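Student: Quick one: sequence and predicted model below, then my questions.
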Amino acid sequence: MNYYTGFLGSDAARFPGQDSCDIYLQAPDGDVRLRQRVYCMRQGISLAFYERSQDGGRTWTHDPGLINRIEWENMGVTNPFDVSVSPTHPPINPGVQVPGLMMIAGDIVLCFRLPWYYKVQVQQFADIAPDNDEDWEQIPLFYHEHYPRASHTDLDTPQYKPDSTRHKFWCLQYGDEVHDAQVFTFVTAHT
């Protein structure tokens, strides 16, 4: 599989409870699967956290240990802030981000914030020498197409679509576009 560069789609960022889960930390084959889930807390703020499945993707549980593999870097503001479009939320300083704890649907999860009006870059690394904190190697991320959601509720997580579009890439980027008082969060992959 060649490394992909290009547009992947839009993300869960507008409707509270809406989520997306089509980014994987390894090729989504076999019983053990690792994925990134993005959940919209409120309009303008989404949270990204990591989950593990032991049964081929039928059930998922939050896995806070996976967050250590991820570098989540805020690249700065992408659009001028527009109060009529985005709710008030605190600014985020550019640079590598530190995860925090949030409650999502009754569960406390370790997650990164993904706000409107910021460009965020996500990369994955593996510890190739556990005895040395400086021996980390970048490893690819994967996109796997899911079935479209039927609604915008937290009861409608997009479902895995077997034998569909799949891409392998090195770097994931989130950004925003503003159209007619609506913000669309788009997701692109880079080599």
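Tutor: Arrived safely, thanks for sending. Being a predicted model, the structure only gives us computed values, none of them experimental.

Student: Any regions of the protein where pLDDT drops low?
Tutor: Along the chain, the model assigns pLDDT under 70 to residues 1, 11-13, 79-91, 128-134, 151-156, 177-191.

Student: what about Val98, neighbour count?
Tutor: Residues lying near Val98 (other Cβ atoms under 10 Å) number 7. Backbone N, C-alpha and C define where each C-beta goes, glycine included.

Student: Helix, strand, or coil at it?
Tutor: Three-state assignment for Val98 (DSSP: H, G, I helix; E, B strand; the rest coil): coil.

Student: Relative to Tyr39, how far out is it?
Tutor: Going from Val98 to Tyr39 by Cβ to Cβ, to the nearest Å gives 19 Å.

Student: Met102 reaches Val109, doesn't it?
Tutor: Yes: if you go by Cβ atoms under 8 Å, Met102 and Val109 touch, sitting 6.1 Å apart.

Student: more neighbours, these two?
Tutor: Val109 (22 against 17).

Student: what kind of secondary structure is that one in?
Tutor: With three-state DSSP as the criterion, Val109 reads strand.

Student: Contact partners for it?
Tutor: Contacts of Val109 were listed using Cβ atoms under 8 Å, 6 or more residues apart in numbering, and they are 47, 49, 62, 64, 101-103.

Student: ok so, going back, if I look at Met102 and Val109, which residues touch both of them?
Tutor: Taking Cβ under 8 Å, 6+ apart as the contact rule, Met102 and Val109 both touch Leu47.

Student: Surely Met66 is within a helix?
Tutor: That one is not Met; residue 66 is Leu. Yes: using three-state DSSP, the assignment for Leu66 is a helix.

Student: Not counting residues beside it along the chain, what's closest to it?
Tutor: Tyr50 (3.7 Å; Cβ to Cβ, 6 or more residues apart in numbering).

Student: repeat for Cys21
Tutor: Nearest to Cys21 is Arg37, by Cβ to Cβ, 6+ apart, at 4.6 Å.

Student: Quick check: that neighbour is in a strand.
Tutor: Yes: per three-state DSSP, Arg37 lies within a strand segment.
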